[in-house]
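S.K.: Here's my sequence, what's the structure:
(chains A, B, C and D)
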There are 2 protein chains.
Amino acid sequence: MSNLLLRHLEQFGPLPPDEKRALTSLVQRVHEIGADQDIVAEGDRPGDCKVILEGFAFRYKLLGSGRRQIMSFQIPGDVVDLQGFLLGEMDHSVATLTATKVGVIPHNLLLPTTERYPFIARALWQSTLIDSAVFRERLVGIGRRSAYQRIAHLLCEVFLRLQAMGLTNDGSYELPVTQAELGDSLGLSTVHVNRSLKTLRDDGLITLRDGRVVIHHWEGLGAAGEFDPRYLHLTRRLNPAPQSRERETGSSDAH
Amino acid sequence: MSNLLLRHLEQFGPLPPDEKRALTSLVQRVHEIGADQDIVAEGDRPGDCKVILEGFAFRYKLLGSGRRQIMSFQIPGDVVDLQGFLLGEMDHSVATLTATKVGVIPHNLLLPTTERYPFIARALWQSTLIDSAVFRERLVGIGRRSAYQRIAHLLCEVFLRLQAMGLTNDGSYELPVTQAELGDSLGLSTVHVNRSLKTLRDDGLITLRDGRVVIHHWEGLGAAGEFDPRYLHLTRRLNPAPQSRERETGSSDAH
DNA sequence: CGCACAATTGAAGCAGCTCAAAATAAGTGG
DNA sequence: CCACTTATTTTGAGCTGCTTCAATTGTGCG
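M.R.: Next comes the predicted model:
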């Protein structure tokens, strides 16, 4: 059940056996949430943390005049509201993209756990720092990259993050986002996302259909998005790197 | 010397006396750095953390074709490279705006300190989460707000952060940035920053000259930038709120 | 004085936006 | 299985906030 949490946290280094054990009893119950529902909302003071066990979510903020900015997509293994644990009040919302299962970790269990198990505490801290790195990278993209580059970059990022969790398939992965959501994530209009996706498709880099991303040319996509994966700090590759995996003879693949 | 670090960390709640004491001996030496110098650079694996004691700095990343994105401005009290402590390698650089004094905290002292003193560890973690919130807010601005709004928002944010450190003067503060740096921080060209600043000035909201920001109309500026300070989590106001302070009879003040 | 850097202003161009509508897909109830 | 509804994708066309290029004006300083 919280295998996923373990896998997530071990991205940053192995945990000692006793801490692993402690981790497995963190998730007290599982909550099923429908698509397009808030997991936590801005202003909430949650009494527990939520780990995504199945499905996808995103952090967002609403602005005046109905605009929305999505800050990140969250995937299985991610703890979405550590902010609530440490700072009390959420300053943004997290909502589901699809029907989602979340594991619930009560703060009054998490607190003693982080005090007793320093590796767990450290790994959670590291996890929030990776979140931070993801925000920064998005910031760079929106601030200084073209629409085409931003999309390429995002698709690379999500690929590597999903791959680290074992959720990719030979250079393709599930990402049930609409173009409107992509736009809100990248600071673009739906229309422009559509046109840029078309260009990426025409360039033979990717296909995005029915909530599934197929990367036809990993290196090309990375180059298009100026993607440098180091900010994800996936030092311990739990899976082979994408370059060495999804070479399919027919399609143009990475090298 | 590390009074500032204490003040910074106590933004999130008081520390017990013994932890306060431990904190004062963290900074082992002080390093003076000239203007426009990197404090840490992308790719570095620093062996210590740096706290700003005097002066200003900013996080940034360089992109292809010489573009630069500044992710945040850092002020006295900020620890600029906790990322290096927890993740090893820096994925971005931090450079000074002005001549700066930084306190150096060796990792091999910080590590046992965070293990022995849970409140310090927690406060540092909280501090990184506030950084995160700042990145997110910038992200929202660049993604979905106009140039005018972004500038207003940034100036509000820096005001409150400096105020929490006791570094404001009746609605004005030192911020030694050039318009080019502002642009790189907000995803704008220098030219457009200049024009937007002119509009803000003409609207009677602010003046920015010689590295000093004067806020003439706090509420107006906040409204212009859709500024909601909650993301800074400055629950414990160490100074009076700006609204109740800088009412100057002549100029247009908030209310 | 004169260099170098920052701020300012003008003018033209464009990346991406908005408005609008058509085409496609995905239910849903009968 | 169809008729109807609603959401998403796609395409067209005109518009604009911001960019780029270029030149001018401070302004601090050796």
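S.K.: Report the secondary structure state of residue A:73.
M.R.: Per DSSP: H, G, I helix; E, B strand; the rest coil, the local secondary structure of residue A:73 is strand.
S.K.: tell me the contacts of the closest residue to it other than its chain neighbours?
M.R.: Nearest non-adjacent residue to residue A:73, counting by Cβ to Cβ, 6 or more residues apart in numbering or on different chains: residue A:58, 5.0 Å away. C-beta: built from backbone N, CA, C; applies to glycine. With contact taken as Cβ atoms under 8 Å, 6 or more residues apart in numbering or on different chains, residue A:58 is in contact with A:70-74, A:94-95, A:97, A:181, A:185.
S.K.: could you dump those residues to a markdown table with neighbour count?
M.R.: Converted to a markdown table, the contacts of residue A:58 look like this (neighbours: other Cβ atoms under 10 Å in any protein chain shown):
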| residue | neighbour count |
| --- | --- |
| A:70 | 26 |
| A:71 | 26 |
| A:72 | 25 |
| A:73 | 22 |
| A:74 | 26 |
| A:94 | 26 |
| A:95 | 20 |
| A:97 | 20 |
| A:181 | 19 |
| A:185 | 27 |
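S.K.: For DNA strand D, what's the nearest residue on the stretch 1-150 of chain A?
M.R.: With Cβ to the nearest atom of the strand, the shortest gap between the stretch 1-150 of chain A and DNA strand D falls at residue A:36, namely 8.1 Å.
S.K.: which residues of the stretch 1-150 of chain A score low on pLDDT?
M.R.: Low-confidence segments of the stretch 1-150 of chain A (pLDDT under 70): A:1-2.
S.K.: circling back: from the contacts of residue A:58, which is closest to DNA strand C?
M.R.: residue A:185 (11.6 Å).
S.K.: pretty sure residue A:160 is in contact with residue A:231, am I right?
M.R.: No - when contacts are counted by Cβ atoms under 8 Å, residue A:160 is not listed as touching residue A:231 (10.2 Å).
S.K.: What count of nearby residues applies to residue A:169?
M.R.: By other Cβ atoms under 10 Å in any protein chain shown, 13 other residues sit near residue A:169.
S.K.: ok, it - contacts?
M.R.: Applying Cβ under 8 Å, 6+ apart, no residues qualify as near residue A:169.
S.K.: Please report how far it lies from DNA strand C.
M.R.: 19 Å (Cβ to the nearest atom of the strand, to the nearest Å).
S.K.: Stretch A:34-50: end-to-end distance?
M.R.: Stretch A:34-50 has an end-to-end distance of 15 Å (criterion: Cα to Cα, to the nearest Å).
S.K.: Quick check: buried residues in it?
M.R.: Across stretch A:34-50, burial judged by 16 or more other Cβ atoms under 10 Å in any protein chain shown covers A:39-40, A:42, A:44, A:46, A:48-50.
S.K.: thinking again about what came up before, doesn't the residue nearest to residue A:73 fall inside a helix?
M.R.: No - the assignment for residue A:58 (three-state DSSP) gives strand, which keeps it out of a helix.
S.K.: any idea how far residue A:34 is from it?
M.R.: From residue A:58 across to residue A:34, the span is 15 Å (Cβ to Cβ, to the nearest Å).
S.K.: tell me the helices in the stretch 151-255 of chain A, going along the chain?
M.R.: Ranges of helices within the stretch 151-255 of chain A are A:179-186, A:190-202, A:218-224, based on DSSP state H, counting those that start in this stretch.
S.K.: quick one, which of those helices is nearest to residue B:26?
M.R.: Proximity to residue B:26 (Cβ to Cβ) singles out helix A:179-186 among the helices of the stretch 151-255 of chain A, at 38.7 Å.
S.K.: Who are the contact partners of the residue most central in space within chain A?
M.R.: The centroid of chain A falls nearest to residue A:74 when counting by Cα atoms, centre = their mean (3.4 Å). Contacts here follow Cβ under 8 Å, 6+ apart; on that basis residue A:74 touches A:52, A:56-59, A:80, A:94.
S.K.: Also residue A:196?
M.R.: A:147-148, A:151, A:188 are the contacts of residue A:196 under Cβ under 8 Å, 6+ apart.
S.K.: Would you mind giving both backbone torsions of the closest residue to it other than its chain neighbours?
M.R.: Computed as Cβ to Cβ, 6+ apart, the closest residue to residue A:196 that is not its neighbour in sequence is residue A:147, at 4.5 Å. Dihedral pair for residue A:147: phi -50, psi -50, per degrees, to the nearest 10.
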